[in-house]
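Student: return a 3D structure for these sequence lines:
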Amino acid sequence: MAPAMRNVSLRGSIAARFAIGYGLLLAVAVAVVSLVFYQGTVGVFERAIDTQVTAIAGRMAQVSRNGGPQALRHEIDVQLNDSIDSDIEIVGLLDDRGRVLAGNLPSWRGELPSGELVVVTIERDGAPVSARLVALRLDDGTRLLVGRDLREVDAIRTVIERALLASAVVSVLLAFAGALVFRRSLEARIGGIRRTAARIAAGDLSSRIALQGDDEFARLGADINQMLDRIESLMEGVRHVSNSIAHDLRTPLGRVRNRLDRALQAAADPQALVGDARLAIEDIDGLISLFDKLLQIAAAEAGMRTRTFEDLDLGEIARDMTELYEATAEEQGVTLRFLGDEAVRIRGDRHLLANALASLIDNAIKYARAGLNVDVGVRHEAGAGGQDHVSWVSGRRVTGGGIVSVRGVGSCRRRHASQG
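Tutor: The predicted structure follows:
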């Protein structure tokens with residue numbers, strides 16, 4: 001069993017699937033957080049640049065409409081020399097051939113963007129750099145280019161991307177390490193339950209799951225232990241019934257055999273054969289009745305007859321049984337008396353309790369000799385397992401200074417009301 005428990009594939013292991021799912025979920029969470037952080041940093045810078053570029057371009061276009069080319073060129077000079085972001089500002093006034101008329105844009109090659117913010121590569125200080133630009137066509141046919149050098153933003157973006165990548169790698173590694181620990185912990189808890197189940201399957205019904213903490217597994221283990229207690233109790237009941245059957249059937253079966261054997265020996269006498277057959281039938285009827293009682297007791301022990309349970313007074317039942325057997329006791333020369341008036345309340349099956357007490361009284365009368373007193377009474381004794389003991393059934397006679405006594409005790413569980 002143990003090797004089979006260890007040879008569990010990842011596909012067939014719910015613990016492994018939980019661990020992998022946990023790792024993937026955490027990886028996705030890290031990716032989402034990184035994206036939000038990236039948009040909250042680099043995205044903010046880019047949106048701020050777009051806002052500034054759009055505002056400056058709109059203002060210069062308004063200056064061009066109001067004051068003409070000269071006013072625009074003056075505004076470009078003021079913008080580039082106001083010592084505010086002068087190193088990253090890009091402004092250029094181009095004619096329809098792409099020649100730079102004013103501004104700090106060294107040159108322009110290719111098609112000009114039209115009215116939209118775009119990222120292009122231009123040459124500044126002898127090196128290609130990326131820039132965020134917008135181009136506006138003015139009334140006189142010239143083009144106004146306004147933008148920002150993105151070298152600082154690119155540097156910040158690179159630092160942030162590297163930091164996010166490193167944190168993502170570390171987070172994923174930690175996630176899968178935690179998932180592995182989670183898997184081992186889960187397999188250890190489940191493994192304890194499976195090992196207990198294996199021992200029980202091997203026949204050790206006393207094995208129980210070790211409980212740890214008060215989590216879901218502990219509550220599941222407690223439920224399983226309670227179920228195992230019930231199963232063990234039922235198995236004990238089965239063994240008890242089996243022992244009772246073996247004990248109680250030995251004598252009546254032997255009696256039936258003897259009667260049948262005698263009937264065979266007296267086969268020449270029809271009257272004797274009929275008599276023995278009738279006695280054998282009576283004995284068989286007694287066996288059937290005994291089987292019925294044993295099945296009733298087993299059902300009560302298993303808790304299947306609880307619907308017939310009611311609040312009872314054992315003293316009343318004992319008094320009724322004493323009156324019922326008084327005539328039988330007199331025939332045997334035995335005095336049967338009921339003593340005591342203590343009320344012993346119990347919840348159980350009246351029929352089973354009466355049968356149990358009747359069996360005790362019958363045995364006491366059967367094995368007592370003439371002249372004995374058989375006293376019947378009930379009293380409550382708090383014993384192990386929460387039992388109420390029906391006691392006593394005893395007889396005494398003084399014979400030459402000695403005392404001969406016959407005693408029987410019947411116990412009825414408060415829950416199941418079965419003969420002990």
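Student: so which elements touch the helix or strand in which Val91 is found?
Tutor: In this assignment (DSSP states H and E), Val91 forms part of strand 89-94. Applying 3 or more CB pairs under 8 Å, 6 or more residues apart in numbering; DSSP states H and E, one finds that strand 89-94 contacts helix 14-80, strand 100-103, strand 143-149. All C-beta spots, glycine's among them, are computed from the backbone N, C-alpha and C.
Student: looking at the protein, which helix or strand is least sure?
Tutor: In the chain, no helix or strand scores lower on mean pLDDT, DSSP states H and E than strand 402-413, which sits at a mean of 36.
Student: low-confidence ranges in the stretch 1-150 of the chain?
Tutor: Under the criterion pLDDT under 70, the flagged ranges of the stretch 1-150 of the chain are 1-15, 110, 113.
Student: rewinding a little: figure out which of the helices and strands packed on strand 89-94 is closest to Gln226.
Tutor: Closest approach to Gln226 among these is made by helix 14-80 (24.3 Å; CB to CB).
Student: could you tell me the angle between that closest one and strand 143-149?
Tutor: 130 degrees (axes from the mean of the first three to the mean of the last three CA atoms, to 10 degrees).
Student: so which elements touch helix 14-80?
Tutor: strand 89-94, strand 100-103, strand 127-137, strand 143-149, helix 151-201.
Student: quick one, that helix and strand 127-137 angle?
Tutor: Using the same axes, to 10 degrees, helix 14-80 lies at 70 degrees relative to strand 127-137.
Student: torsion angles phi and psi at Leu205?
Tutor: phi -70, psi -10 (degrees, to the nearest 10).
Student: over to the one 10 residues further on?
Tutor: The phi and psi torsions at Asp215 (degrees, to the nearest 10) take the values phi -90, psi -170.
Student: quick one, what contacts it?
Tutor: Asp215 makes no contacts at all, as judged by CB atoms under 8 Å, 6 or more residues apart in numbering.
Student: where's it relative to Gln226, distance?
Tutor: 17 Å (CB to CB, to the nearest Å).
Student: state the distance from Lys293 to Val376.
Tutor: 20 Å.
Student: oh sorry, the question was meant for Phe309
Tutor: For Phe309, the distance to Val376 - CB to CB - is 23 Å.
Student: ok, now Leu336?
Tutor: 7 Å.
Student: with Ile190 instead?
Tutor: Where Val376 is concerned, Ile190 sits at a distance of 57 Å (CB to CB).
Student: ditto for Arg219
Tutor: 49 Å.
Student: and if you look at Ala71?
Tutor: Distance from Ala71 to Val376, by CB to CB: 129 Å.
Student: of these two, who's got more company?
Tutor: Under the neighbour definition other CB atoms under 10 Å, Ala71 and Val376 were set side by side, and Val376 has more, 24 against 14.
Student: does Ile122 touch Ala131 like I think?
Tutor: Yes - between Ile122 and Ala131 there is a contact at 5.2 Å, judged by CB atoms under 8 Å.
Student: SS state for the closest residue to Asp313 other than its chain neighbours?
Tutor: By the measure of CB to CB, 6 or more residues apart in numbering, the closest residue to Asp313 outside its immediate chain neighbours is Ala343, 5.6 Å from it. Of the three states, Ala343 takes coil according to DSSP: H, G, I helix; E, B strand; the rest coil.
Student: burial count for Ala343?
Tutor: 11.
Student: quick one: contacts for the spatially closest residue to Leu144 that is not a sequence neighbour?
Tutor: If the residues on either side of it in the chain are set aside, Leu144 comes closest to Leu136, at 4.7 Å by CB to CB, 6+ apart. The contact partners of Leu136, taken as CB under 8 Å, 6+ apart, are 57, 61, 115, 143-144, 146.
Student: can you select the buried ones from these in PyMOL?
Tutor: Here is the PyMOL command that selects the buried residues among those (16 or more other CB atoms under 10 Å):
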select buried, resi 57+61+143+144+146
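Student: how's this structure carved up into domains?
Tutor: 216-301, 310-413 (automatic domain parsing).
Student: let's have those in a markdown table, adding distance to Arg208.
Tutor: A markdown table is the format used below for the domains of the chain (distance: least, CB to CB, whole Å):
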| stretch | distance to Arg208 |
| --- | --- |
| domain 216-301 | 5 |
| domain 310-413 | 19 |
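Student: please work out which of those domains is packed deepest.
Tutor: domain 310-413 (a mean of 17; mean count of other CB atoms under 10 Å).
Student: got a list of contacts for stretch 49-57?
Tutor: The contact list for stretch 49-57, computed with CB under 8 Å, 6+ apart, reads 79, 91, 117, 132-134, 136, 144, 146-148, 150, 153.
Student: what about 10 Å?
Tutor: The contact list for stretch 49-57, computed with CB atoms under 10 Å, 6 or more residues apart in numbering, reads 75, 79, 85, 88-91, 115, 117, 131-136, 144-150, 153.
Student: could you export that stretch as CSV, CA atoms only?
Tutor: Output of stretch 49-57 as CSV, limited to C-alpha atoms (Å, rounded to 0.1, in the frame of the first residue of the first chain):
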residue,chain,number,x,y,z
ILE,A,49,4.3,64.6,-22.4
ASP,A,50,1.4,64.2,-24.8
THR,A,51,-0.5,66.8,-22.9
GLN,A,52,2.4,69.3,-23.0
VAL,A,53,3.1,68.7,-26.6
THR,A,54,-0.5,69.1,-27.6
ALA,A,55,-0.9,72.3,-25.5
ILE,A,56,2.3,73.9,-26.9
ALA,A,57,1.4,73.0,-30.5
